[in-house]
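>>> got a predicted structure plus its sequence, pasted below:
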Amino acid sequence: MSGSRILAIAGRVIRQMRRDRRTLALLIVVPAVVLTLLGLLLRYGSGSTAVAVVNEDHAALSTPLGQVSAASLLVQMLEQSKDLQVARLSRDEAERQLRSGQVKAVLLFDQGFSQRIAAERRVKVDLLFEGSNPQTTAAVNGSLGRALAQAQAQMAGVLGGADGPTGLATLEIQRDFLYGGEQLDVLDYFAPVFIGYFAFFFVFLLTSVSFLRERSQGTMERLMASPLSRGEIVLGYMLGFSVFAVVQAALILGFAILVLRIHYAGNLLIVFMVQIILTIGAVNLGIFLSTFAKNELQVVQFIPVVIIPQALLCGTIYPLEDMPELLRWISAVLPLTYANDALRAVMIRGANIISPMVLVDILVLLAFAALMIPLGALTLRRQVA
């Protein structure tokens, strides 16, 4: 074994890599971008959560401060928490905002709360979660639990005294869910996200590599020499690849439902339709980006640039509402953000196709798929790799 020959081969690889600027950028720039996104998500995300408080307790306790409502005092202390954005609402308005996503949880103090907190050892407080996103639910549960514990300790100091109650009850939170609940496990909650993400990823990769092969084998050059327009070529390839995209979407959905036994609340036909629209957008995106690649390695290099940022910013790992404002703006232009929202709305919340939250998402996905068609035609070059 010759060390000089080994070094010669290593030197040749290094010289080739130095000439490949795209690969060098992948090694240096992309990890920095991905780590920056993670740092912004984990360090600078919003720590406050919007919750509603319904106070139906109109009774009062006799304390050194006079007649005081225990529920009102707790609400005032919760409003001082930096982790919460507390809105005082009626029961009907709180439920409406919970359904629309304006608040993530509703805390209810019912009638007679003040009397029970002075007379009983444990008092139940109803807490209703929106429940469609487990990350949001866990964050709200933690923030409210800490805030309630601090508020109760402060309230005991305020209400205690020679003339006031000396044995305040311990608050026991009774949790309930508007959507989902204990019957759903972690896989049920994340299944809508994975169904959209894997369909998008595999179809994008399949289309990019296949379209690149068409160019490298000379097929594209012959088509470009024919009377066909660039738009006709792109649309023809889009329809051909879309057949396999539909099959891929059906397999992913069928496996999730029939084999993994995923629970769902809405119509599966809507789920399948969202998948098809998303995968057609992935087909068109693959055609568009493959025109910038000269080999299959360069196609694969698009994955950390196109796919990974979408996985981080579409709400899969980190709730959109907790992201820094800059990242929320970026997520608003990513197709997986809207697919994620629509699939969760249908499968977990049971929304239908005329629901505003689903209809808007579908229209945005259609617009994305349509936009990629002219872009693919414009970038289609007569030169082949």
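Right, received. Where do you want to start? Residues are numbered from 1 along each chain as shown.

>>> name the helix or strand for Gly240, please.
Assigned by DSSP states H and E, Gly240 belongs to helix 230-254.

>>> what is that helix packed up against?
helix 186-216, helix 219-225, helix 268-290, helix 356-379 (3 or more Cβ pairs under 8 Å, 6 or more residues apart in numbering; DSSP states H and E). The way it works is simple: take the backbone N, C-alpha and C, and place the C-beta from them, glycine included.

>>> and with 6 Å instead?
When contacts are defined as 3 or more Cβ pairs under 6 Å, 6 or more residues apart in numbering; DSSP states H and E, helix 230-254 packs onto helix 186-216, helix 268-290, helix 356-379.

>>> just these: most buried one?
helix 268-290 (a mean of 24; mean count of other Cβ atoms under 10 Å).

>>> tell me the helices and strands packed up against the next helix or strand after it.
Counting by DSSP H and E, the next helix or strand C-terminal to helix 268-290 is helix 296-300. For helix 296-300, the elements it packs on are helix 186-216, judged by 3+ Cβ pairs under 6 Å, 6+ apart.

>>> now do the SS call for the closest residue to Gly196 other than its chain neighbours.
Nearest non-adjacent residue to Gly196, counting by Cβ to Cβ, 6 or more residues apart in numbering: Ala339, 4.0 Å away. Counting by DSSP: H, G, I helix; E, B strand; the rest coil, the backbone at Ala339 sits in helix.

>>> repeat that for Ile173.
Under three-state DSSP, Ile173 comes out as strand.

>>> thought it was touching Val125?
Yes - between Ile173 and Val125 a contact is recorded at 5.5 Å, counting by Cβ atoms under 6 Å.

>>> neighbour count for the two, which is higher?
The residue with more neighbours, out of Ile173 and Val125, is Val125; 19 against 13, by other Cβ atoms under 10 Å.

>>> doesn't that one fall inside a helix?
No - Val125: not assigned to a helix; according to three-state DSSP it is strand.

>>> any idea how far it lies from Ile362?
39 Å (Cβ to Cβ, to the nearest Å).

>>> what does Arg91 give?
32 Å.

>>> next one: Pro227
Taken as Cβ to Cβ, the span from Pro227 to Ile362 is 36 Å.

>>> same check on Gln97?
24 Å.

>>> got it, and Phe272?
Taken as Cβ to Cβ, the span from Phe272 to Ile362 is 12 Å.

>>> what of Glu172?
Distance from Glu172 to Ile362, by Cβ to Cβ: 43 Å.

>>> identify the residues contacting stretch 233-253?
195, 198-199, 202-203, 207, 223, 272, 275-276, 279-280, 283-284, 373, 376-377 (Cβ atoms under 6 Å, 6 or more residues apart in numbering).

>>> so what's the most centrally placed residue in the chain up against?
The residue lying closest to the centre of the chain (Cα atoms, centre = their mean) is Gly315, at 1.6 Å. By Cβ under 6 Å, 6+ apart, the residues touching Gly315 are Asn340.

>>> burial count for the closest residue to Ser48 other than its chain neighbours?
Leaving aside its chain neighbours, Ser48 sits nearest to Gln85 (5.1 Å; criterion: Cβ to Cβ, 6+ apart). With neighbours defined by other Cβ under 10 Å, the count for Gln85 comes to 15.

>>> my guess is Val346 contacts Leu268. True?
No - Val346 is beyond contact range of Leu268, at 8.4 Å (criterion: Cβ under 6 Å).

>>> give me the below-cutoff pLDDT ranges for this structure.
The model of the chain has pLDDT under 70 over residues 1, 44-47, 59-68, 118, 121, 154-169, 381-385.

>>> give me the domain ranges for it.
The record's domain parsing of the chain by automatic domain parsing lists 49-177, 184-379.

>>> right, and those domains - which one's nearest Gly3?
Evaluated over the domains of the chain, closeness to Gly3 peaks at domain 184-379, with 28.9 Å, by Cβ to Cβ.

>>> so how far is Leu253 from the closest residue in space to Met357 that isn't next to it in sequence?
Once flanking residues are discounted, Met357 sits nearest to Ala345: 5.0 Å by Cβ to Cβ, 6+ apart. Ala345 sits at a distance of 16 Å from Leu253 (criterion: Cβ to Cβ).

>>> ok, these two, which is more surrounded?
More crowded of Ala345 and Leu253, by other Cβ under 10 Å: Ala345, with 25 against 19.
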